[in-house]
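> Pasted the sequence and its predicted model underneath.
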Amino acid sequence: MRPFVSLPRRCSGYCNWLIASAAVAALVLTPILALVVIALGGEADVWRHLVTNVLPSVVPATAILLAGVAVVVVLIGTGSAWLVTAYDFPGRRTLDWALLLPLAVPTYVVAFAYVDLLHPIGPVQSALRALLGIADPQGLRLPDVRSMPGAILLFGMVLYPYVYLSVRALFLMQAAGLIETARMLSTGRRAFFRVALPLARPAIAIGASLALMETLNDIGASQFLGIRTMTVSVYSTWVNQSNLAGAAEIALVMLAIVVVLIVLERAARRGRRYTTATQRSHVLARKRLSGKGAALALVLGAAPVLLGFVVPALHLASQATRRIGFAGFSDAILAETANTLIVSVVATAIALVLGVLLAYAARLDRGRIGKGLVRVAGLGYALPGTVLAIGLFIPLAGLDNLVDGWSRGVFGMSTGLMLSGSLAILVYAYVARFLAIAAGGIEAGFDKIAPSLDQSARTLGRTPAGVLRAVHLRLIRPALGATAILVFVDCMKELPATLLLRPLNFETLATHIYAEAVRGTYEDGAVAALAIIAAGLAPVILLARLGRPAVRGKRPTP
């Protein structure tokens, strides 16, 4: 397609934007290419050791965890989406947005809370023994949460909203007419399994793939729960064994798993399109429930919210209150909060600027190149933090060595580790990982601006940069604000990349929680965990507001 206005063949109006966009995409591709080079440059003995002693245990554990989490998030996410869109019962409106609340809690925070909560001498088992009159802790032991089933359930309870969001949106608007027609021709159960569920397969695939990528990225929850996944192995191989080449080779296997997940997600969506016979969509008419049916629906809908958000949040609030009452508010928490805010704000600002550049270049080009560069720049979101960290460390360390050698030769002084030993590499990792969120949100904002505004401004002599400053930045302000919140909170919660790339003696709220959990001092980490939950509520509230249908829905049917 041609640009909005006639331009010379040399594309002088927007070529510079495409070049800058290509440079941003190259910055995201650099760690991926570096990872491949590091892995291929490793010694053969290291790879043989990994194949013989490491991969046979961590690959099956990772595969079982991913498979189990996929089942749980699909069941809970799809079931809860159908429950709140197809039926009306007391409490449904609250559940409609409350089912998103587990997104506010990082998986490692939930694991942190439940390991303490369900410990053999923790509050739950102690209360049960007191209730039953059992004095010996060995007299009553619940199943250990530090196990594969426990990990699958905890991950599923936190990550199901990814499936819930996408499937609910489809049920609410796109599939409403088809589902209502199926209801008239059969029972509600048959309509769900014969029509609604097949129609929801693309949305389920998208949500499940995001949940699995988050599972693969996790390091804290897996380690707290005693599951040695590939991510945990990358961390221990690099940090504990000082074997960077081995860590890179494991990370390359993880990258292959991510590629497989992306391919499977796209294959599940391929050819699964349909059209509606009406031009205007409407909200699915809900069937009213009463009595036992309404009570059962409320219990089923509330269970994921209680287990995935309310219980861990209340426990952490209790522990934080006890900790502050006993020892006061720690100065270390204040310093770590400041560190978290500083690095998150800087990374968010850079991601927004680069996101505007990418989205605007794609708008100017209106061809495959601009859109392709946005997709390439968004690859970082699919990379686990450990993979990204390894891919960034070597090229930046090499650049540090080049600058240091040049400085020694010219000025006779050492520059040290300006990049790989500073906050710069951590900010780089955050930006590369979450640039997809920034570019996607801003691109959605640009899509709402009519092309005629661009044409009018260009006719008046404005350059592309002038149009962006005078027109677009003002109109996309809501999209910029929403995107900034999402990126900022994701930066605050990021743990794997922070653990591997942070400077010495630099702690964030996420690394503080990790350190306290490793030491077993859960009460001391509760304040930091609660702070992250409080920050995570902002994007959840935003998502709940954005997810409301823009058209009036039908009244519930009796």
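Structure received. Predicted model, so just to flag it, every value in this text is computed and none were measured.

> Any buried residues in stretch 88-106, and which?
88-89, 91-92, 95-106 (16 or more other CB atoms under 10 Å). Where C-beta positions appear, they are placed from N, C-alpha and C, glycine not excepted.

> Tell me the one of those nearest Pro198?
Of all the buried residues of stretch 88-106, Leu99 has the smallest distance to Pro198: 22.7 Å, by CB to CB.

> List the contacts of that closest one.
Residues counted as contacts of Leu99 (CB atoms under 8 Å, 6 or more residues apart in numbering) are 80, 84, 161, 164, 301, 304-305.

> Reformat these as JSON lines; add pLDDT.
Shown next, in JSON lines, are the contacts of Leu99 (pLDDT from 0 to 100):
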{"residue": "Ser80", "pLDDT": "93"}
{"residue": "Val84", "pLDDT": "89"}
{"residue": "Pro161", "pLDDT": "91"}
{"residue": "Tyr164", "pLDDT": "91"}
{"residue": "Gly301", "pLDDT": "91"}
{"residue": "Pro304", "pLDDT": "94"}
{"residue": "Val305", "pLDDT": "93"}
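
> May I ask which of those residues has the most neighbours?
Within the contacts of Leu99, neighbour counts (other CB atoms under 10 Å) peak at Pro161, which reaches 30 neighbours.

> Where does pLDDT dip in the chain?
Counting by pLDDT under 70, the chain has low-confidence residues at 1-14, 42-44, 173-195, 268-285, 327-329, 546-558.

> let's see it at 50
Across the chain, the ranges flagged by pLDDT under 50 are 1-10, 275-280, 550-558.

> middle-most residue in it, spatially?
The chain has Glu214 as the residue nearest its centroid, 5.7 Å off, counting by CA atoms, centre = their mean.

> coming back round to it: filter the buried residues of stretch 88-106 down to the ones in helices?
Within those, residues falling in helices by DSSP state H are 92, 95-98.

> In contact with Gly456, which residues?
No, residue 456 isn't Gly; it's Ser. By CB under 8 Å, 6+ apart, the contact set of Ser456 is empty.

> what comes up buried for the helix or strand hosting it?
Counting by DSSP states H and E, the element that carries Ser456 is helix 451-459. Across helix 451-459, burial judged by 16+ other CB under 10 Å covers 454, 457-458.

> Go through the buried residues of stretch 88-106 and name the one nearest Leu316.
Closest to Leu316, out of all of the buried residues of stretch 88-106 and judged by CB to CB, is Val105, at 9.1 Å.

> Name the nearest residue to the closest one, ignoring sequence neighbours.
Leaving aside its sequence neighbours, Val105 sits nearest to Ile533 (CB to CB, 6 or more residues apart in numbering; 5.4 Å).

> residue ranges of the helices in the stretch 51-200 of the chain, please?
Ranges of helices in the stretch 51-200 of the chain, per DSSP state H, counting those that start in this stretch, are 55-86, 92-98, 107-117, 123-132, 148-159, 161-169, 176-185, 188-191, 197-199.

> let me fix that: the stretch 401-550 of the chain
423-447, 451-459, 464-467, 473-475, 477-493, 496-501, 509-519, 522-546.

> will you turn those into a markdown table that also has distance to Phe112?
Shown next, in a markdown table, are the helices of the stretch 401-550 of the chain (distance: least, CB to CB, whole Å):
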| stretch | distance to Phe112 |
| --- | --- |
| helix 423-447 | 22 |
| helix 451-459 | 49 |
| helix 464-467 | 47 |
| helix 473-475 | 40 |
| helix 477-493 | 13 |
| helix 496-501 | 15 |
| helix 509-519 | 5 |
| helix 522-546 | 6 |
